[in-house]
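**Q** Turn this into a model:
(one chain, ligands or ions: 1)
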Amino acid sequence: MSEAAATPESAPPVDLGSLTLLALQSFLKGLGEKPFRAQQVYRWLHQRGATSFEEMTDLSKDLRARLSSAAVIRKVEKDLEQRSVDGTIKYRWRTHDGKLIESVYMPSTDRKTLCVSTQVGCAMGCTFCATGTLGLKRNLTPSEIVAQVHAVNREVRKNEGLEQLRPLTNLVFMGMGEPLHNFENLKVALEILKSGDGPNFSHRHITVSTVGLVPMIERFGAETDVKLAISLNATTDEQRSRVMPVNRKWNIAALMDACRKFPLRQGRRITFEYVMLSGVNDTDADAERLAGLLEGVPAKVNLIPYNENAGLGFKTVVERRAEEFRELLAARNVAAFIRQNRGRDIAAACGQLANVEAQPGEGAAPTPAV
Ligand code: SF4
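**A** Purely as a prediction, here's the structure:
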């Protein structure tokens, strides 16, 4: 990679992977290059996941030299890889400034999904979540968000002996951080990830999950076309404010109002994530209230038995209780599914991403996230 020399004027080098195709065209125009060069460079970066200018063999040596003195390609370095007995792989990456972030690869028979992080740590402080205990260190740049996808595509190609440049099929933004708290960078990352000259993910295969930053939900609906998930996790304000401090600012009524107004494409539903905490939000009355809250909202509910995190004080529900809860919702015509917990043994499950090493099979300390 080219952690470049500063330009003669000592302007900071441009983070090339954070530029949309249009922005890259304008950057290269500044270097006296034609628009098709931008497409070439963009394809190297975002179709092939190039991590150095040297790889861009169809560019002249002169252009590569000029690029490396004016710009950098920020990649993420693999710091740790942990494999679950269920096939899930948790990757820990080191950013250029030494920060640690995590992404979780979840293969299944019909898809290869990556759970992506958008921030280093998280400011939301959900009390059941390991990431929340870290606090927010900083936002990830668009290139750092996208680099997780490129890096895992490379890993999957290598591990599974695949030729295709983009073996990943689905992306969920449910890793470390609150995506809508880093909306501008998320938006650029989504544009890159969906671009035809880039990885070309379909908007149908990308889901962004939020704790409910109400004003940002409106912007998200107006400015993007990917799918929305809401991390709900409670049915009364008293309960929700206790586990999700964001509820003190935007309560359940405000959140559900934003969901009702959310512009849904035809046939699409909002996913509501509901982490089941024993004795906190798993009563019959909760199921009734939940069904009531969702009335009039095209919705599906993912019931997530809590992944216990040592020291956070919450307990998971037994399987039977999750099933009873699902049945109560079904009886009220709410589509609900018990979500299979992936990577629990390596602390890769929802809410467990806290840069803590866990040994496969140990049944790590843990939690649910967004
Ligand atoms: S659940 Fe999501 S939003 Fe809440 S603290 Fe964890 S990472 Fe942040």
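
**Q** in this structure, which spans are strands?
**A** 14-15, 71-72, 77-83, 89-94, 100-107, 112-115, 119-121, 136-139, 170-173, 206-210, 227-231, 270-276, 299-305, 335-338 (DSSP state E).

**Q** contacting residues around the last one?
**A** Spelled out, that is strand 335-338. Contact partners of strand 335-338, identified using Cβ atoms under 8 Å, 6 or more residues apart in numbering, comprise 269, 299-303, 305, 322-323, 325-326, 329-330. Just so you know, the C-beta spots here come from the backbone N, C-alpha and C atoms, and that holds for glycine as well.

**Q** hmm, try it at 7 Å
**A** For strand 335-338, contacts defined as Cβ atoms under 7 Å, 6 or more residues apart in numbering pick out 300-303, 322-323, 326, 329-330.

**Q** Can you turn the buried part of these into a PyMOL selection?
**A** Remark: buried members of those, expressed as a PyMOL selection using 16 or more other Cβ atoms under 10 Å:
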select buried, resi 301+302+303+322+326+329
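
**Q** re the thing from before, now tabulate the strands of the chain in CSV and tack on mean pLDDT and distance to L24.
**A** Converted to CSV, the strands of the chain look like this (pLDDT from 0 to 100; distance: least, Cβ to Cβ, whole Å):
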stretch, mean pLDDT, distance to L24
strand 14-15, 98, 9
strand 71-72, 97, 10
strand 77-83, 97, 24
strand 89-94, 97, 23
strand 100-107, 96, 24
strand 112-115, 97, 24
strand 119-121, 96, 25
strand 136-139, 96, 21
strand 170-173, 98, 22
strand 206-210, 97, 21
strand 227-231, 97, 27
strand 270-276, 96, 33
strand 299-305, 95, 37
strand 335-338, 96, 40
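
**Q** ok, the most centrally placed residue in the chain - contacts?
**A** The C-alpha lying nearest the average C-alpha coordinate of the chain belongs to F173 (Cα atoms, centre = their mean; 2.0 Å). By Cβ under 7 Å, 6+ apart, the contact set of F173 is 116, 118, 179, 207-209.

**Q** what's the burial count for the residue lying closest to R260 once chain neighbours are set aside?
**A** In space, and not counting its chain neighbours, R260 is closest to V297: 5.9 Å by Cβ to Cβ, 6 or more residues apart in numbering. Counted with other Cβ atoms under 10 Å, the neighbours of V297 add up to 16.

**Q** Use 15 as the first number from now on
**A** Let's use 15 as the start, then, which means that last one is V311.

**Q** Could you check how far V311 is from A301?
**A** From V311 across to A301, the span is 16 Å (Cβ to Cβ, to the nearest Å).

**Q** Give me the spatial nearest neighbour of A236, chain neighbours excluded.
**A** P277 (7.3 Å).

**Q** Also T238?
**A** L204 (5.8 Å).

**Q** Surely the one you found touches V240?
**A** Yes: here L204 lies in contact with V240, judged by Cβ atoms under 7 Å, at a distance of 6.1 Å.

**Q** quick one, which of these two is more surrounded?
**A** L204 (25 against 19).

**Q** do you know how far the more buried one is from T34?
**A** L204 is 10 Å from T34, by Cβ to Cβ.

**Q** what does S131 give?
**A** Taken as Cβ to Cβ, the span from S131 to T34 is 21 Å.

**Q** now swap in A248 and tell me
**A** 38 Å.

**Q** More neighbours: the two, which one.
**A** Taking other Cβ under 10 Å, A248 and T34 do not tie; A248 has more neighbours (22 against 17).
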